Each structure stands twice: as structure tokens, then as C-alpha cells.
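1. Sequence first, then the predicted structure:
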Amino acid sequence: MYGLMMDRPLLISSILDFAERFHSATEVISREVDGSIHRTTWGGIARRARQLANALAALGVRAGDRVATIAWNNHRHLELYFAVSGMGAILHTINPRLSPEQLRYVVHHAEDTVLVFDSTFTKLAALAASFGVVKHFVALSEHAAASAEPGLAGALDYDTIVQAASADYEWPTFDERTASSLCYTSGTSGDPKGVLYSHRSTVLHCYAVAQADTLGLSARDVTLPVVPMFHVNAWGVPYAIASVGGKLVLPGPGLDGKSLLELIEHEQVSCLLGVPTVWMNLLGHLHAVGKRLTTVQKITIGGSACPPSMIEALEKEHGARVIHAWGMTETSPVGTVNMLLPKHALLDDAAQLAIKAKQGRPVFGIELRLIDEDGEVLPHDGQRSGHLQVRGPWVASAYFRREDAHDPAFTDGWFDTGDIATIDPDSYMQITDRAKDVIKSGGEWISSIDLENAAMSFPGVAQAAAIGVAHDKWQERPLLLVVPAPGKTLALEALRQHLETKLVKWWMPDAIEIIEALPLGATGKVLKRELRKRFASYQLPQ
Ligand code: AMP
């Protein structure tokens, strides 16, 4: 017997409708490519999204077509988020840091019909034009300069086509399982793999992330997602903030500490989201100018492990609550979020910090399990680490246009994340490594994240990365690479003594090297493969 409830599809357009109807005057602020600040409202975004849908339809965009973007976090990108998916087409957000070969691959693979780009990325758009796949190019700003580029002579001006279009548009209704957006994930080898989100998965994820004990998004907050809109739908924040009708502040290209602080102070931002490297830069800037964050109440940190020293600095010195979260492109992305349980309230700071450093507990909708090398399910004892697998209604079931290929990552209805983790009896999951970054010493695994966190708790260490280096006897031994904080000289012997208080003896790095900077990928993650390449012939002291 079926229930007798209305079968209304979960569609992205309904989120924008809600924001327009009930939070029309709430502001959406963004930094333009030229650094100026643009102000609009949810009402303005909704109106322009309808105009954009008409404009795209006039260009021939039909349901299921892919519309690509290479753009910063700004109001035009936000309009595209809602208009493209809302009209039944698929928003393909392209990461501007893809190599030319990867760009060629994804544009061909997705068969993008329209490509919309911020002026910063004109050269990339021109390169894409040379592939002969995309029919229409649309410049989000500085149209004259863009159309002077070879291959982009016919590029359209975004604001012109939007303003010329009617705002009279009714969002179509269709099956909620229809594809809504596409994001390619680039692994270390092989071609990028496309994760194809649906309206249903996006709306369910949107409900989940907004919850009080997830990211706790609210109309009473001013939210600034630093996490890029070109990667995993900016953690779903654009949809979720619209669904609660909150004020949204978009940082455009201004991701440095100074630009962020300006926006935070000027717009009274209370809720921030981003990867640890962004907060490291912001903390560095705050320190340099002798300022404190005064309006920020919570900062969600994910994408890579948040060092406990960063949690401490943000909470103790700046009065912000840190929410450590884990997820990936294939999981929309939010999978686990770290909130203390009521029973933890009376623990001392150090014990609470040890819990907060973990990646958190599953969000309702997400199931986790650990398996060993033989595929056996491991207990959640907080001790045994294994391959982390996940399933849920916003987890990918296959990669785009590889549905029939046998992919071992998708087995028995679970997705193998490629992460190695432990899960404790309270269900706090802790990532110890990416499977490919694990340091294998004498048949045992050393967690590079634990080593890095230990190093970063030493004053004067800004960043750290541990990698495995070949060793005759032990197969691999850890080499620790540290980046000193600006203006600091690191005393390696003192660092070594500090590590000895934090790590078991056989986890101690065999060598420590000071380097100027760590290589970072487009989404702020340390590129360990580049470090391994650079230190491939490193001679450890035997
Ligand atoms: P991506 O699909 O590019 O967003 O990368 C997802 C990967 O980032 C995950 O599989 C993890 O390896 C890593 N990651 C994400 N969040 C965290 C976190 N809080 N701690 C450690 N690693 C993380």
C-alpha cells in the first residue's frame, strides 16, 4: 500500500522559488573579478535566473544539454547554478586548474554545448574554443577583451543576453532523478571521472547540510563559502543557503587573507566554509595586522584534514566554533560532520580537541563501513584502520559515461572512497590517509595525517607533509617536510623533541626537511604525488 502524500518532485528550481518568495530582499553580495563589490538579493538572483533560462533556451540549450562554467564564486555563477539545472539542462562546473589535456578531455567527454567564463579564464576558454566542441561562448565580464582572443570572436556578453531576455519563465517540472550538474574529479592517473548529480540527490543533500548539527546554516547568519563553486557545487552551500533564505557573500577571486578579512568585516560574516589552507592564510594575515575575527561564529573546515592547532587558534583566539567535516566529489560532498555529543560537554579542552580533530560522525542518510584488504568488514573500535566505504542517496552509483565499465570502486552497493580510516565506538570517523599516501613501514601503516598534525602543533610550523621514502629494510620510512611560518626560523632538534612527545617511536620521521612551500592542487589539497616525485631519490640516514 502506498502512502497518500503528494508526489511533488524534489527539484532545484523549487529552492530558488522558495528564496524568492520568502527571502526576496535578503542580500547576495559578491566580489567581481575587478575587485569591486556587487550587491543584489535573492529576488534579483531569481529574476535574472529566469531571464538567463530564456536566453539559454534562445541559444538552443535543451533539457539534458551540458552548459559548462569556468568561473569564480560570484552572483553570475549563482544564477547559472539555478538557471541551467532549473531548466533541465546540466551545469558542468570546470576546475580552472585542469591541465590543457584534462580540459580537452572533459569538454569532449561532457560534450559541452555552451561555455561560460569569467575574464580571468579567457585563455582557457580560447583553448576550449580550439577543440571545436562548444557552440557558444559567453563572457561573464570584460566581453570586449574576451572577444579579441583568437577563437572567441563570436563570444556573447552575459549581461547583455540576460538583460535582453524576458523574466517570464516557468521552471519546468520533471522527474527528480534527472541529472542536474556534473563535476569531474581528477585522480592521480587516468582521465578525470565525471560525477553526475541529480535534482533529488542535490535537494536531499541540501536538507541534510542545513541541519543544526550538520553545517547549521541559517537565515540569521551571513555565510561566506570560500570553497569554490567549480568544485562539488561549493559543498552544496549555494543551494542550502537559498533553502534557508540566508545572506550569501561570495568572494570572487579574492581568496587571500586580506581580501577575505575585508569582506568578513564589511559584511559582518558569521559563518565561513573552506579548506584548511584558506584559513591558514587568513590566520597569517590576522596575525600580521594584529586583528581578531569578531563576527565569525562558525567555520566549517574540510577537504583535507584540519590540524588541531588550527582548531585551537580559531576557537581560542578568534572565538569561532570549528566544524570539521569530511566528504568528496562522489558524496556531494558532505558525508561526516564533527559535533561533540552531550556526554563530551564536561571533558577538558585537550580531550575535546582530540575528538574535534576527527572527521566526524555520519550525517543522516550516509552509512559508513570499513573493510580490510580481504574485503572483510572491520569493527568500529577506533583502533583498526581500513578502507572507508560509503553509501547513501547523495553518493555516486557510477561515473558519467562509464556506467557499464566494471569499476572496483563501486561494489555491492557501496562506494570505496580511497580513504583509509578508523571509526570509534561513538561512530567518529578519522581519516588516517588516502590509500595511496599511506606510509608502509615494515608491513604496518603510518598515518601521514597524524605526523602532519603533530608537526603543525609545534610553534613556527605553518604547514607539514609526510611522505614515504623507499627504505632497504622497512620498505618505506617517513620523511617530514615542513614549511616555517613567515619570519620564523625552525629549530629542527626542538621540533624533533616535540614530535617525540606526540608520536610512538616507530612513527618518528627518519628525516625532516624544511621547504619553502608545499605544492597545492586547485582545491587547496597538498599534492603528495609531486612531493614523492621531487623526493624520489632522497637518501634517508640509514
Ligand atoms: P575531492 O573529491 O577532490 O573533494 O577529494 C575528496 C578527498 O579529500 C577525500 O576522499 C579525502 O581524502 C579528502 N578529505 C576531504 N575532507 C577531509 C578531511 N576533513 N580530512 C581529511 N581528508 C579529507
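-> Happy to help now that I have it.
2. Who are the contact partners of the closest residue to the ligand within the stretch 51-200 of the chain?
-> As assessed by CB to the nearest ligand atom, the ligand sits closest to residue 185 within the stretch 51-200 of the chain, at 5.0 Å. For every residue, glycine as well, the C-beta is placed using N, CA and C. Shown here is residue 185, whose contacts under the criterion CB atoms under 8 Å, 6 or more residues apart in numbering are 192, 193, 195, 328, 329, 330.
3. make it 6 Å
-> With CB atoms under 6 Å, 6 or more residues apart in numbering as the criterion, the residues that contact residue 185 are 193, 329.
4. give me every residue that touches the closest residue in space to residue 307 that isn't next to it in sequence.
-> Leaving aside its chain neighbours, residue 307 sits nearest to residue 456 (4.1 Å; criterion: CB to CB, 6 or more residues apart in numbering). Taking CB under 6 Å, 6+ apart, we find residue 456 in contact with 307, 309, 464.
5. I'd say the first one and residue 455 touch.
-> No: with contacts counted by CB atoms under 6 Å, residue 307 stays clear of residue 455, the gap being 8.8 Å.
6. Looking at these two, which is more packed in?
-> Taking residue 307 and residue 455 together and counting by other CB atoms under 10 Å, residue 455 has the greater number of neighbours (27 against 24).
7. quick one: buried residues of stretch 404-418?
-> Applying a neighbour-count criterion of 16 or more other CB atoms under 10 Å, the buried positions in stretch 404-418 are 410, 414, 415, 416, 417, 418.
8. Which of these fall within strands?
-> 410, 414, 415, 416, 417, 418 (DSSP state E).
9. Tabulate those residues (CSV), appending distance to residue 401 and pLDDT.
-> Conversion of these to CSV gives the following (distance: CB to CB, whole Å; pLDDT from 0 to 100):
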residue, distance to residue 401, pLDDT
410, 14, 95
414, 22, 97
415, 17, 98
416, 20, 97
417, 21, 97
418, 20, 96
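10. if we can go back for a sec, which single one of the contacts of residue 456 is nearest to residue 265?
-> Taking CB to CB as the measure, residue 265 sits nearest to residue 309 out of the contacts of residue 456, at 24.4 Å.
11. any idea how far the helix or strand hosting the closest one is from the chain center?
-> In this structure, residue 309 sits in helix 308-312 according to DSSP states H and E. Relative to the chain's own centre, helix 308-312 is displaced by 20 Å; criterion: CA atoms, centre = their mean, to the nearest Å.
12. Check stretch 475-494 too.
-> Shown here is stretch 475-494, whose average C-alpha point lies 27 Å from the average C-alpha point of the whole chain (CA atoms, centre = their mean).
13. mind saving the C-alpha coords of that stretch as PDB?
-> Written as PDB, here are the backbone C-alpha positions of stretch 475-494 (Å, rounded to 0.1, in the frame of the first residue of the first chain):
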ATOM      1  CA  GLN A 475      60.100  -0.800   2.600                       C
ATOM      2  CA  GLU A 476      59.300   2.800   3.400                       C
ATOM      3  CA  ARG A 477      60.100   5.300   6.100                       C
ATOM      4  CA  PRO A 478      58.500   8.700   6.700                       C
ATOM      5  CA  LEU A 479      60.200  11.900   5.500                       C
ATOM      6  CA  LEU A 480      58.600  15.000   7.100                       C
ATOM      7  CA  LEU A 481      58.600  18.200   5.100                       C
ATOM      8  CA  VAL A 482      57.900  21.400   7.000                       C
ATOM      9  CA  VAL A 483      57.200  25.000   5.900                       C
ATOM     10  CA  PRO A 484      58.100  27.600   8.500                       C
ATOM     11  CA  ALA A 485      55.600  30.300   9.400                       C
ATOM     12  CA  PRO A 486      56.500  33.600   7.800                       C
ATOM     13  CA  GLY A 487      59.500  35.200   9.600                       C
ATOM     14  CA  LYS A 488      60.200  32.200  11.800                       C
ATOM     15  CA  THR A 489      63.400  30.100  11.900                       C
ATOM     16  CA  LEU A 490      62.800  26.500  12.700                       C
ATOM     17  CA  ALA A 491      65.000  24.600  15.200                       C
ATOM     18  CA  LEU A 492      64.800  21.100  13.900                       C
ATOM     19  CA  GLU A 493      66.200  19.500  17.000                       C
ATOM     20  CA  ALA A 494      63.500  21.100  19.100                       C
END
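14. if we look at stretch 226-239, which residues are touching it?
-> Residues outside stretch 226-239 that contact it (CB under 6 Å, 6+ apart) are 15, 73, 77-78, 81, 93, 95, 183, 205-206, 209, 225, 251, 273-274, 278, 329, 333, 523.
15. Relative to the helix-or-strand element of the chain with minimal mean pLDDT, what are the paired strands and their orientations?
-> Scoring the helices and strands of the chain by mean pLDDT, DSSP states H and E places strand 444-446 at the bottom, with a mean of 90. On the basis of DSSP bridges, the sheet neighbours of strand 444-446 come out as strand 439-441 (antiparallel).
16. near the ligand, which residues of the stretch 301-450 of the chain?
-> Near the ligand, the residues belonging to the stretch 301-450 of the chain are 302-305, 324, 326-329, 333, 359, 417-419, 431, 434 when assessed by CB under 6 Å from any ligand atom.
17. For residue 499, see how far away residue 513 is.
-> When CB to CB, to the nearest Å is the yardstick, residue 513 and residue 499 sit 14 Å from each other.
18. now the stretch 1-150 of the chain, which segments are flagged as low pLDDT?
-> For the stretch 1-150 of the chain, no stretch has pLDDT under 70.
19. What ranges does it have for its helices?
-> According to DSSP state H, counting those that start in this stretch, the stretch 1-150 of the chain carries its helices in the segments 12-22, 42-58, 75-86, 100-110, 122-129, 143-147.
20. can I get these in JSON lines with mean neighbour count and distance to the ligand?
-> As requested, the helices of the stretch 1-150 of the chain are exported to JSON lines (neighbours: other CB atoms under 10 Å; distance: least, CB to the nearest ligand atom, whole Å):
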{"stretch": "helix 12-22", "mean neighbour count": "21", "distance to the ligand": "21"}
{"stretch": "helix 42-58", "mean neighbour count": "22", "distance to the ligand": "26"}
{"stretch": "helix 75-86", "mean neighbour count": "27", "distance to the ligand": "18"}
{"stretch": "helix 100-110", "mean neighbour count": "18", "distance to the ligand": "14"}
{"stretch": "helix 122-129", "mean neighbour count": "20", "distance to the ligand": "19"}
{"stretch": "helix 143-147", "mean neighbour count": "16", "distance to the ligand": "29"}
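21. what residues go with each domain of this protein?
-> Under the assignment automatic domain parsing, the domains of the chain span 12-23+34-198, 437-542.
22. Count the neighbours of residue 464 for me.
-> As a burial measure, the neighbour count of residue 464 was computed by other CB under 10 Å and equals 25.
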